[in-house]
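Asker: Return a 3D structure for these sequence lines:
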Amino acid sequence: MGIQQPMPPVHQDFLWMRRCLEIARIPGSSVSPNPLVGALIVQNHKIIGQGAHLRWGSAHAEIHALQQWRSNRLSHNSAANGEGMPTLYISLEPCNHQGKTPPCTEAIIDAGIQSVVFGCNDPHPLVSGAGINRLLQAGIMVRGPVLEKECRWMNRRFETACRRNRPYVILKWAMSADGFLDNGEPGPGPRISGPLASLITHQLRREQAAIMVGAQTLIKDDPDLRAWRLGDPHPRVVIASDGRSMDGPYRAFARIPEPLVLFWPQPCRAEDLVKAWCDTLMEQRLNSLLVEGGRKTLDIFLNSGIWDEIHIFQNQELNLHHGTPAPYPPCDPIREEKVGKDTYRIYLKGFFDVHE
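Answerer: The predicted model follows:
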């Protein structure tokens, strides 16, 4: 017998997989360093079980969906009513190894599920096709991938960590219409971005495992660095320090856990420094990083070439006339839109190009 392969998706698979993606996104970075995953169990065109992976070390999405399905089946005695067989939809290939939790493939097989539809393969080397193969070997009908690029994009942080052994890096800054980050004066400068831009920034923070600023920015601005508009989880604060004293009562140091301080020896090659920082972040299980400044810290990432996205807010109504010039993005934006008084631009290095 030849190697079994998943079957291609059918029309309704796309509808249900989009619902899996919606469920998967809800927990945000609380699942880090694990991936975001959503699962559904569908029977006779109705959802009879659903779940998401909610937190690192806890039950996986398909386990939550199976538990809800069992509960509904007992409540309504659906197994005795001659209903059609249920199909499990899962945005990421089920795991087939013992980690913090038992293999999900065995739970699916033991539950008697006979049809599974998956969004994309798991990039983790311990899974990477093994979960699909186990289901096929057990006689389960498998279809997929479905909405593969959307599923992979949702877990670009996890995939980057698995395949490139570094965090997914996002650079972000706000600048005036005439291209300045601040007015160059001591202490916190004028607020540059508007309330809609602030909301987007807090969403970005909520989605990352860590947020970095340089020691100079910490001392000058005393930023809060929480995702306060959207509640928990808050990203781990990381300070890029050149060794200067940071003894003040800065808000970041009131956080639990305390900020992770990464030292910045000078002189140094940008690529070597950022790689060393990334190694430390991976050791701390921090697989995504939002870099919010200042200019020297942004420059070290830009010069190293180690970044994945850039997000820029430019207030078109504010001119500062002098101060710290904003960095120049190294490519054209993939997206540009107005958000209140700001122009919002997103730059992407090419996730699918480097991971194919």
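Asker: where exactly do the strands run in the stretch 201-350 of the chain?
Answerer: 210-214, 236-241, 260-263, 288-291, 309-315, 335-339, 342-348 (DSSP state E, counting those that start in this stretch).
Asker: What is the fifth one packed up against?
Answerer: Applying 3 or more Cβ pairs under 8 Å, 6 or more residues apart in numbering; DSSP states H and E, one finds that strand 309-315 makes contact with strand 168-176, helix 195-207, strand 342-348. To be clear about C-beta, it is placed using only N, CA and C from the backbone, and glycine gets the same treatment.
Asker: Out of these, name the one with the poorest average pLDDT.
Answerer: By mean pLDDT, the lowest-scoring of those turns out to be helix 195-207, with a mean of 91.
Asker: Only the C-alpha atoms, please, for that helix, written as CSV.
Answerer: Coordinates of each C-alpha in helix 195-207 appear next as CSV, following Å, rounded to 0.1, in the frame of the first residue of the first chain:
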residue,chain,number,x,y,z
PRO,A,195,-6.5,57.5,20.0
LEU,A,196,-7.2,55.1,17.1
ALA,A,197,-3.5,54.6,16.6
SER,A,198,-3.2,54.0,20.3
LEU,A,199,-5.8,51.3,20.2
ILE,A,200,-4.0,49.5,17.3
THR,A,201,-0.7,49.8,19.3
HIS,A,202,-2.3,48.1,22.3
GLN,A,203,-3.7,45.3,20.1
LEU,A,204,-0.1,44.8,18.8
ARG,A,205,1.2,44.7,22.3
ARG,A,206,-1.4,42.2,23.3
GLU,A,207,-0.4,39.9,20.5
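Asker: Going by neighbour count, which residues in that helix are buried?
Answerer: Taking 16 or more other Cβ atoms under 10 Å as the neighbour-count basis, helix 195-207 is seen to contain the buried residues 197-198, 200-202, 204-207.
Asker: for the protein, which spans come out with low pLDDT?
Answerer: Counting by pLDDT under 70, the chain has low-confidence residues at 1-3, 74-83, 98-100, 229-233, 351-356.
Asker: ok, and the closest non-adjacent residue to P195?
Answerer: Nearest residue to P195, sequence neighbours excluded (Cβ to Cβ, 6 or more residues apart in numbering): G340, at 6.5 Å.
Asker: any idea how far F14 is from that neighbour?
Answerer: 34 Å (Cβ to Cβ, to the nearest Å).
Asker: So for these two, which sits in the more crowded spot?
Answerer: Set side by side, G340 and F14 show more neighbours around G340, with 17 against 13, by other Cβ atoms under 10 Å.
Asker: The more buried one and G194 touch, don't they?
Answerer: Yes: using Cβ atoms under 8 Å, G340 is in contact with G194, at 4.1 Å.
Asker: Give the helix, strand or coil label for the most centrally placed residue in the chain.
Answerer: In the chain, the residue lying closest to the centroid (Cα atoms, centre = their mean) is R157, at 4.8 Å. Reducing the assignment to helix, strand or coil with DSSP: H, G, I helix; E, B strand; the rest coil, the entry for R157 is helix.
Asker: Now do the same contact list for it.
Answerer: Each residue near R157 by Cβ atoms under 8 Å, 6 or more residues apart in numbering is listed here: 32, 167-168, 208-209, 287-288.
Asker: and of these, the nearest to D178?
Answerer: For these, the closest approach to D178 (Cβ to Cβ) belongs to Q208, at 29.3 Å.
Asker: Tell me which residues touch G340, please.
Answerer: With the criterion set at Cβ under 8 Å, 6+ apart, G340 makes contact with 194-197.
Asker: export the residues you listed to CSV and tack on distance to G131?
Answerer: Converted to CSV, the contacts of G340 look like this (distance: Cβ to Cβ, whole Å):
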residue, distance to G131
G194, 45
P195, 44
L196, 41
A197, 40
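Asker: farthest-separated two in those?
Answerer: P195 and A197 (7.3 Å).
Asker: I'd like the distance between M212 and H64.
Answerer: When M212 is compared with H64 (using Cβ to Cβ), they lie 33 Å apart.
Asker: Then R335?
Answerer: 34 Å.
Asker: So which of the two has more stuff around it?
Answerer: Comparing R335 with H64 by other Cβ under 10 Å, the one with more neighbours is H64, at 21 against 10.
Asker: helix, strand or coil for that one?
Answerer: In the three-state summary, H64 is assigned as helix, counting by three-state DSSP.
Asker: List the contacts of it.
Answerer: Contacts were defined as Cβ under 8 Å, 6+ apart; by that measure H64 touches 39, 50-52, 54.
Asker: Give the buried subset of the residues you listed as a PyMOL selection command.
Answerer: Buried members of these, identified by 16+ other Cβ under 10 Å, are gathered into one PyMOL selection as follows:
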select buried, resi 39+50+51+52
